[in-house]
Structures are given as C-alpha cells and as structure tokens.
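**Q** Below are the sequence and a predicted model; questions follow.
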Amino acid sequence: MTMRDPLVMISISSLVYSEHALRASALRRAQSLEMMGEAYRVLSVARAALASTRVVAPETQPTQ
C-alpha cells in the first residue's frame, strides 16, 4: 500500500474527519458546561437574594 492507495486516502480522510468531529463535540461540551456554570451562579445569586428578603403574608401584616 502506498499513500496514493484509495483505501489509505479514505482512512486518512476518515481520521481527519473524526478528529474534527471530536474537537467540535468537545467545544460544544465545554460551552454547555460553561453555560450551566453561569446558570448555577445566577440561581445562587437569586437564591441568596430571596433568602435575604423577608416576605410577609397579607393576613399577617400589621394594620395601621
């Protein structure tokens, strides 16, 4: 087999395609994890804000 053999050319092309597909998949996974991390940070801030807010039900509010 030589580098010009069709089977070798197909194998090389397939490997290159697979490498690109794996890199694209890894990039999408990293972006997804980054977005999940950002969402978690936003939820943490919202949870902290809600915890620091005192909610009074209408029937328990003092009358004036």
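**A** Structure received. Residues are numbered from 1 along each chain as shown.

**Q** what stretches of the protein score poorly on pLDDT?
**A** Within the chain, the stretches with pLDDT under 70 are 1, 3, 54-58, 60-64.

**Q** center of it - which residue?
**A** By CA atoms, centre = their mean, the chain has its centre lying nearest to S32, at 1.4 Å.

**Q** Now it: which helix or strand?
**A** helix 6-52 (DSSP states H and E).

**Q** S11 - how many residues pack around it?
**A** 12 (other CB atoms under 10 Å). Heads up, the C-betas are built off the backbone N, CA and C, glycines and all.

**Q** Please report how far it lies from R4.
**A** Here the criterion is CB to CB, to the nearest Å. By it, S11 lies 13 Å from R4.

**Q** Also L27?
**A** In terms of CB to CB, L27 sits 33 Å off from R4.

**Q** So for these two, which residue has more residues nearby?
**A** The neighbour comparison of L27 against R4 (other CB under 10 Å) goes to L27, with 10 against 7.

**Q** which residues touch Q31?
**A** By CB atoms under 8 Å, 6 or more residues apart in numbering, the contact list for Q31 is empty.
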